[in-house]
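S.K.: any chance you could fold what I've pasted below:
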Amino acid sequence: MTKIGILHPGEMGVSIAASAVNSGHEVYWVSENRSDKTRRRAEEHGLLEVESLNHLCKTSEIIFSVCPPHAAEDVANSVIESGFKGYYLDANAIAPQRARRIGELMGANGIRFIDGGIIGGPAWKPKETTLYLSGKDSNVIADCFSNGPLETRIIGDEISKASALKMCYAAYSKGTTALLAAILATAESLGVRDELYKQWDLDDSNFSERTNRRTTRVTAKAWRFESEMREIASTFEEAGLPNGFHEAAAEIYHRMAGFKDAPETPALEEVLESLIK
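M.R.: Below you'll find the model as predicted:
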């Protein structure tokens, strides 16, 4: 049984933690400055409470970082400052060069760094969510999930490969959702949305409805996807490709960010109004 710390048990993080608990490990979370919603999630899935990050770092042999992309380095620095010396998984949606930078910083402070990329939604069912791992100690992390339902795949010893795969995958899956939302908003602004639907449906009778659902359902996580798009833009630029498409996608998600914590999925007309400026 391994003692694992999770930073932090949000919707995705708590599912990762639950897979580790299901595989026979103790998982700890930090209650300091966390919401009642987070507490309910942690308690529901058998996570053990500690009051501070310092306590978590002293208790844990492994730490999982699952946070919004923009916070990845701040979280890593906080762990370093707390004196942690075990294994650290960064499973955040960050550019590969950023993963390398965090890994080098961790290594310089006596921490064993593993790069991770999560593809899929929260890991509650087998074969639906995969944690890709890269780095020399990837097997240590994979062993934490021996009983699932989270799947793991090790794709090499090189730090950044898991992040690179995540960036390339999300560039399409989340990037195209932003593109479709922008197309709908443009068509609405120019008064041709109904005609666009008719043309789309000549090609695929379900395309218009699927596009509407993608546009409205993404609003709850748009605040998080904004920074992910910027990480993808940075990835493209580092690879020698234009970064403008995903910078624009970041702006689309920024305009949707006001729907965070909305009690229900907004109407399409509300979403389009938020996009048109």
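
S.K.: following the lowest-mean-pLDDT helix or strand in the chain, which helix or strand comes up?
M.R.: Across the helices and strands of the chain, mean confidence by mean pLDDT, DSSP states H and E is lowest for helix 36-44: a mean of 92. Remark: after helix 36-44, the chain's next helix or strand is strand 48-50, criterion DSSP states H and E.

S.K.: and that following strand, what does it pack onto?
M.R.: Contact partners of strand 48-50 among helices and strands, from 3 or more Cβ pairs under 8 Å, 6 or more residues apart in numbering; DSSP states H and E: strand 26-30. Backbone N, C-alpha and C define where each C-beta goes, glycine included.

S.K.: circling back: from the chain's centroid, how far away is the least confident helix or strand of the chain?
M.R.: 19 Å (Cα atoms, centre = their mean, to the nearest Å).

S.K.: got it, and stretch 210-230?
M.R.: The answer for stretch 210-230 is 12 Å, by Cα atoms, centre = their mean.

S.K.: now do it, average pLDDT.
M.R.: Predicted confidence along stretch 210-230 averages 97 (mean pLDDT).

S.K.: what comes up buried for it?
M.R.: By 16 or more other Cβ atoms under 10 Å, the buried positions in stretch 210-230 come out as 211-212, 214-216, 218-230.

S.K.: equivalent analysis for stretch 44-51, please.
M.R.: Applying 16+ other Cβ under 10 Å to stretch 44-51 flags 45, 47-48, 50 as buried.

S.K.: what's next to it, contact-wise?
M.R.: 5-6, 9, 14, 17-18, 21, 26-32, 42, 56, 59 (Cβ atoms under 8 Å, 6 or more residues apart in numbering).

S.K.: mind saving the C-alpha coords of that stretch as PDB?
M.R.: Output of stretch 44-51 as PDB, limited to C-alpha atoms (Å, rounded to 0.1, in the frame of the first residue of the first chain):
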ATOM      1  CA  GLU A  44     -17.500  10.300  -0.900                       C
ATOM      2  CA  HIS A  45     -14.600   8.500  -2.500                       C
ATOM      3  CA  GLY A  46     -12.600   7.600   0.600                       C
ATOM      4  CA  LEU A  47      -9.900  10.200   0.500                       C
ATOM      5  CA  LEU A  48      -8.100  11.000   3.700                       C
ATOM      6  CA  GLU A  49      -7.900  14.600   4.900                       C
ATOM      7  CA  VAL A  50      -4.800  16.600   5.900                       C
ATOM      8  CA  GLU A  51      -5.000  20.300   6.700                       C
END
